[in-house]
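# Quick one: sequence plus predicted model below, questions after.
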Amino acid sequence: MRRRLWVTGVGFAATILILLGLLVGAFRIGVQLVPEYRAEVQARVAEVLKSPVDIQGMDLIWRGRYPTLQLNGVEIGDDPQARLSFDQLNLGFSLFRLAAGDVIPARISLVGTRLQLSYEDGRLHLAGVESDGSTQAAPGDFLEQLRRVGEVQLFDARVRWIDIDNARPIRDLQVQRISAVRRFGRVQVLGDLHLGGQPDTRLEAELLLDPEPWQLRRVELDARNWQIWEDIQAFFPQAPALAGQPRQLVLDSHWRDGVWQQASLEFDFVNLRPAAVPRGFIELAGELQLSRPGESYGSGRDAHGVRASMQLDRVIGPSGRWPQQHVLAEWSPGASGFSTSRYALNAQYLRLDDLSPWLTLLPQAVSAHLTAMAPSGELHDVVLRSSPGETIPELTAEFQQLSVRPVDKIPGMYNLSGAVSLGASGGRVQLTSQDLVVEAPRVFDQPLMLDTLSGTARWQRGPDGWRIEAPALHYAGMNMDGVGRLDLLLGEQPRIDLDLNFFCSDPRPWLAYQPTVWHDSLKSWLNRAIGPAQVAAGQVAIRGPLQGIPYPQGEGTFRVDLDLRDTTFNFAPDWPALDVQSARLLIDGKQLSVDLAAGGISNASVQQARAIIPDLRDSVLSVDAAVQGDAADIWAMLGRSGLRKNMREAFDSLDLSGRTQGQLKLTLPLKDKNAVDYAVDLELDRAALWTKYWPDPVQKISGALHIDRNGLRGRDISAVVAGLPAQVNLMPDQGKTRIEARFSAEPKTLPPSVPVPQWLKARGAGASDWRLEMEVGRGADRAVIVRSPLLGTALDLPQPFAKSAEQARPLTVRIEPDENTRVHVTYGERLGLDLLLDKQGQGLRAARLNLGADAMPAGAPGWWVEGRLAEVNLDQWLPLIQELTRSASGSGATQEFGGLVLRADTLFAFGQRLPDTRIQVTRESAAWAIGVAGSRAQGRIEIPHQQPEGRLRLRGDFQRLNWTREVNLRGGDQIDPNEIPHLNLEVEDFALNDVALGRMQLDLEPVGRGTRITRFIVDSPKRRELDVSGLWLRDDTGTSGAVEFAMDTEAFASWLTVFGYEDHLVARRGRLNGQLNWSPDPQGLSVGNASGRLDFDFSDGQLLNIEPGAGRVLGLFSINALPRRFFLDFSDVVNTGLSFDELSGGFDISGGVATTQNLQLKGTSVRVAVRGDVDLVQRRYDQVVTIYPGVSSGVSLAATVLGGPVVGLFTLLAQELLDQPLDQVTQIGYHLGGSWDNPQVSRLQ
């Protein structure tokens, strides 16, 4: 069953669709086959519209349930400028209405419409459409036709609106969609459109119209990005010109009898501002409810008055966000346009800073005045009402930080807080202000600043103007606290009556509030003259015309009376401050005076002083003060006065100090400070005088000193110069002042400030007359000269600079102060010294010393020494040269040594006599180079700039060096091993005591507590002659050391000569090896605390005979490490020496005693063996000598073989002790004792 019904339904629907398709197809075939049909339709439409119609094409389609006649390319009208055109016109017909014979379309839609609407004489005109033979159609007729059709839609249309009745500008609209629908007898219009020229604007509107007659009933509008103010200004030119784009406007309004009755508007504006002002942007968001106050306002187009209730959710102005609030307002228009007859406003909060740009919307006169005042601040709980005919509205409000700028005669105020209530005839204000600023530029140059202002002021309008009365005002600010009374009349002739009483901890801030009529020089003087003070009591009285303050012509009262305590006065820019405990400053009309009973000026006591300006207009200050105190303060003041013009150099180069008293008179025209006149007479009492050219003062000055424009005068003034009694004269001379001081002194007593070199002062004994000379002023010789003949002074200097007290040898020291101070010293014709000091005369920059002549000016940095002397004892000069590298000022600071070139005919240095020697010291990039050139030495020593911590590092490289030195054999240290530098010395041709030894190398290395002998070697062309290493230490326990040496030589006799011994031992080759140690001994290294071992071996040699006392003898053997330790002085027996094939053995040394068990001498005819001790400290023998003869020819043969001390021994034994011939003895033993100088021999049994 269901399947049958389904098949039947589908078949029916398919039949209907087929029939409808056949109908559409038949229509299209008919249009093509019968062209007259389109013309008939076109004529029918023209008849209905009563206007020519042109249709380009037509078709029949179905839209929903409506068969729709589609007309394409439709144009209505014959005027090309007023023709109505459609891209497409669709006429939808109802099948039911067609069946009833009603051919009026049920739906009309227009696509791509280009139409023009105009409103004239209360009628709506549609371009290209005629009605009743007229070119006009009433809106009501159009709406009646619309109600019969049922629905009209407009798509993608461009509409031009012209309002001729109201003279509105032409507006072009871009319509996305508009639909008008019949709803229960009413017409509802829905629109979605864009405004021409505003592509981002979108308007969605809904209108509801009632018929009979057709009138608006409700209007709803949702607008986004609408440049509404341009349209409002265009349609309502009388409206205020605003700028700013709303993000969104949502309007819902209700109408009655063609007039709106109430409306609500949701708004969100950005950058809202008056169009004429490029600033003052406000963001505004909220909801506005508008209504008409009542029926009394009328209805229709004559209705007037608006009541507004606005909730502000967001207000953001240039100064920040406002609090949320509710605002009520009423407004009634005036007789014309937007003029106002009555308004009322209730607001919880207003920020005037953000609203000040909106003042331009007020009437021109009011706007200009208020804009000039630039009001700012906050208003709270504002109630504002106006009534017709009243120029001043009623206002009640609380205000905070209210500010207005001064305009014309009205002063400006800033940060005013309180409450106000005003009306047309008067008002009252209660002030509770903090940080208040009052600006009255016509009276004061600076704004008046108060910390607090409180009180009540009332005003009312009278016949002469507005009168403001404040009977009790309390104010505080800028260190002031006081009360006052004000009575102010503002009218055609404003007047003021003001009394202020106050105290102030420091009046200086108030000095900025001086009347503008005072001369600038007077204001400047007052600002500078009064220092920190306390106003114990102050009064200000002003009575008279408001515009005449401070009444210089006497037309009113202007009086300021201050009782000052603990203050200072600076009467003139060139006066020190005058300190007083109490003073009275009085300004009475045009006169100013300051009276001081006692005070002080720069630590000087002021007994009495008075300053007065008789006429503030002339501004001539006179001061008369009796002072006593320190002359330094008075001198400093005079140095800043008009005297400086003639005495600039004197004030810049001299300073005075000390007890003094005198009279000061000052006349100072404030308008011409160059006309200052001074006169000063001082009585100095133990005062002091300084000059910048010389660091020490002239002290204890007592005498009279007069100072005026010509300079300084003073004669026979007693003083102390450089700690020495002196007589000083000061004499003016054509702008200069000559100063001369005479004194007597011994060089050692001269202070460091007297620029005599310290090395010369320290070596002088005996007093001489000295004279110090200098000039100050224009054209003066700026040098300070110190002279002395040195008669009576002996100088202990190296020759040729020494002198006795009876000799006169002039010494002159010239100090030339400049950017760098130069000191030039001449000492007779024998020495010249030139020093270049820094600007302060303390640090040495350059020095040049010439020994033997005057010095050239120093220029190159550092100390430079040059000259030539016949004889130089370097040991005597070294301390002096070290002192010469000190600063010339005696500060102790050293200056780098630049170089030295000295030629000496004979140089004594380090125990050496070096004839015709030239020494040159130069500074190289990495080291100091000391060059030595002479007959005994040729080479150089380098001292690197980069030195290790601790001792100095030296490196020597000599081509030749011939050194003479006595060897210390008696013990005791002459040199501290902790002070020996790090030394690397190489000598290509080394000679010692005129004996050439060969090539020498010496390396000394500092170690803890002493020095290590890393290497000391002497090489001959054949072999290494000497190789020594060792250690030398010293600490609190004493001196200790160790040495290890080896000698291998063919010239042992030469080594004996080197060390000062007679060359009594000759050998073809000799070898010595030894190790010695010294235990710590406070007395130093000595033979007595030595221990160790000495071995020797000589071959093919001879012991030569030495006369006793003829020289230093080493004895049977020689060891260079222990010179003069083993002597055998036997008496001569024969004159020849003893030859040997071998001489060898060894000694053990301990406690100053050398012990041998194996010393033996082997010869061709004899062998000698020695055992026993040699006391090296007591210089005594204790040995057993055994002789093994090798011949039998008797004493005569032995005498020919033996020699030297051994021969003496054998001869003595043979002739005095033996009873049998020598050749009959196989061995002989003897005991050797006694001292080295007187040995004793006894035969052993």
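All right, it came through fine.

# What are the structural domain limits within the protein?
Here the chain is described, according to automatic domain parsing, as comprising the domains 35-226, 239-351, 1036-1243.

# which stretches of the stretch 951-1100 of the chain have low pLDDT?
Residues of the stretch 951-1100 of the chain meeting the criterion pLDDT under 70: 965-974.

# go again using 80 as the cut-off
Where the stretch 951-1100 of the chain drops to pLDDT under 80, the residues are 952, 964-975, 979, 1056, 1058-1065.

# show me where it has strands.
Along the stretch 951-1100 of the chain, the segments classed as strands by DSSP state E, counting those that start in this stretch run 953-963, 982-992, 995-1007, 1010-1019, 1024-1035, 1038-1049, 1065-1081, 1090-1103.

# Take the ones you listed and lay them out in TSV including mean neighbour count and distance to residue 836.
(C-beta placed from N, C-alpha, C; glycine too.) Putting these into TSV (neighbours: other Cβ atoms under 10 Å; distance: least, Cβ to Cβ, whole Å) gives the following:
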stretch	mean neighbour count	distance to residue 836
strand 953-963	17	31
strand 982-992	18	35
strand 995-1007	17	37
strand 1010-1019	19	40
strand 1024-1035	19	43
strand 1038-1049	20	47
strand 1065-1081	19	52
strand 1090-1103	20	56
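
# Among those strands, which comes closest to residue 215?
Of all the strands of the stretch 951-1100 of the chain, it is strand 953-963 that lies closest to residue 215, at 119.2 Å by Cβ to Cβ.

# in its sheet, what does the closest one sit against?
Take DSSP bridges as the rule and strand 953-963 pairs in its sheet with strand 937-944 (antiparallel), strand 982-992 (parallel).

# Would you mark the buried spots in stretch 276-293?
Within stretch 276-293, the residues scored as buried using 16 or more other Cβ atoms under 10 Å are 277, 280-286, 288, 290-292.

# and these as CSV, adding pLDDT?
Shown next, in CSV, are these (pLDDT from 0 to 100):
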residue, pLDDT
277, 75
280, 67
281, 76
282, 81
283, 82
284, 79
285, 81
286, 80
288, 80
290, 81
291, 80
292, 72
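
# Which residues does stretch 631-641 contact?
Surrounding stretch 631-641, the residues in contact under the criterion Cβ atoms under 8 Å, 6 or more residues apart in numbering are 572-576, 601-604, 627, 651-652, 654-660, 662, 664, 676, 678, 680, 682, 684, 687, 707.

# just the buried members of those residues?
Among the contacts of stretch 631-641, those classed as buried by 16+ other Cβ under 10 Å are 572, 574-576, 601-602, 604, 627, 651, 654-658, 660, 662, 664, 676, 678, 680, 682, 684, 687, 707.

# Redo the strands of the stretch 951-1100 of the chain as CSV? Include distance to residue 718.
Listed next are the strands of the stretch 951-1100 of the chain as CSV, based on distance: least, Cβ to Cβ, whole Å:
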stretch, distance to residue 718
strand 953-963, 58
strand 982-992, 60
strand 995-1007, 60
strand 1010-1019, 62
strand 1024-1035, 59
strand 1038-1049, 62
strand 1065-1081, 65
strand 1090-1103, 72
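
# Provide a list of residues in contact with residue 614.
Taking Cβ under 8 Å, 6+ apart as the contact definition, residue 614 lies against 591, 620.

# One more: residue 698?
The contact partners of residue 698, taken as Cβ under 8 Å, 6+ apart, are 688-690, 719-721, 726, 728, 741.

# if we go to 7 Å?
The contact partners of residue 698, taken as Cβ atoms under 7 Å, 6 or more residues apart in numbering, are 688-689, 719, 721, 728, 741.

# least confident pick among those residues?
The lowest pLDDT within these belongs to residue 721, which sits at 81.

# Which phi and psi values does that one adopt?
Comment: the main-chain dihedrals of residue 721 come out as phi -110, psi 120, following degrees, to the nearest 10.

# which SSE is the closest residue to it other than its chain neighbours in?
Nearest residue to residue 721 in three dimensions, chain neighbours excluded: residue 741, at 4.5 Å (Cβ to Cβ, 6 or more residues apart in numbering). Using DSSP states H and E, residue 741 falls within strand 736-745.

# Which residues does that strand contact?
Contact with strand 736-745 is made by 650, 698, 711-712, 719, 721, 724-731, 767-780, as judged by Cβ under 7 Å, 6+ apart.

# Drop anything exposed from the residues you listed.
Burial by neighbour count, judged by 16+ other Cβ under 10 Å, picks out 650, 698, 711-712, 719, 721, 724, 726, 728, 730, 767-768, 770, 772, 774-777, 780 from the contacts of strand 736-745.

# Could I get the average pLDDT for stretch 595-605?
Averaged across stretch 595-605, pLDDT comes to 77.

# Figure out how far it is from the centre of its chain.
How far stretch 595-605 lies from its chain's middle: 41 Å, per Cα atoms, centre = their mean, to the nearest Å.

# Between the two ends of it, how far is it?
Taking Cα to Cα, to the nearest Å, stretch 595-605 runs 15 Å from one end to the other.

# Quick check: bridge partners of the residue nearest to residue 721?
residue 728, residue 772.

# And the strands in the stretch 151-300 of the chain, which stretches?
Ranges of strands within the stretch 151-300 of the chain are 151-163, 171-183, 186-195, 198-210, 215-224, 242-256, 259-274, 282-291, based on DSSP E, counting those that start in this stretch.

# Any chance of TSV for those, columns distance to residue 800?
Rendered in TSV, the data for those read as follows (distance: least, Cβ to Cβ, whole Å):
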stretch	distance to residue 800
strand 151-163	124
strand 171-183	120
strand 186-195	117
strand 198-210	110
strand 215-224	114
strand 242-256	104
strand 259-274	101
strand 282-291	102
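
# wait, isn't residue 914 in contact with residue 904?
No: at 8.0 Å, residue 914 and residue 904 do not qualify as touching, with contact defined as Cβ atoms under 7 Å.

# Would you quantify the distance from residue 905 to residue 917?
When distances are taken as Cβ to Cβ, to the nearest Å, residue 905 and residue 917 turn out to be 9 Å apart.

# ok, these two, which is more surrounded?
residue 917 (23 against 12; other Cβ atoms under 10 Å).

# Surely that one touches residue 902?
No: Residue 917 is not in contact with residue 902 according to Cβ under 7 Å; the separation is 8.8 Å.

# got the buried residues for stretch 516-531?
Burial within stretch 516-531, assessed by neighbour count using 16+ other Cβ under 10 Å, is assigned to 518, 522-523, 525-526, 529-531.

# now the strands paired with strand 953-963 in JSON lines, with distance to residue 956?
Shown next, in JSON lines, are the strands paired with strand 953-963 (distance: least, Cβ to Cβ, whole Å):
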{"stretch": "strand 937-944", "distance to residue 956": "5"}
{"stretch": "strand 982-992", "distance to residue 956": "4"}
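
# how about the buried residues of stretch 276-293 in CSV, adding distance to residue 617?
Written out in CSV, the entries for the buried residues of stretch 276-293 read as follows (distance: Cβ to Cβ, whole Å):
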residue, distance to residue 617
277, 46
280, 47
281, 52
282, 53
283, 57
284, 58
285, 63
286, 63
288, 64
290, 66
291, 69
292, 69
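
# Which member of these is positioned nearest residue 808?
Looking at the buried residues of stretch 276-293 and their distance to residue 808, the nearest is residue 280, at 97.0 Å (Cβ to Cβ).

# Out of the buried ones among the contacts of strand 736-745, which sit inside strands?
Among these, the members found in strands (DSSP state E) are 698, 711-712, 719, 721, 724, 726, 728, 730, 768, 770, 772, 774-777.
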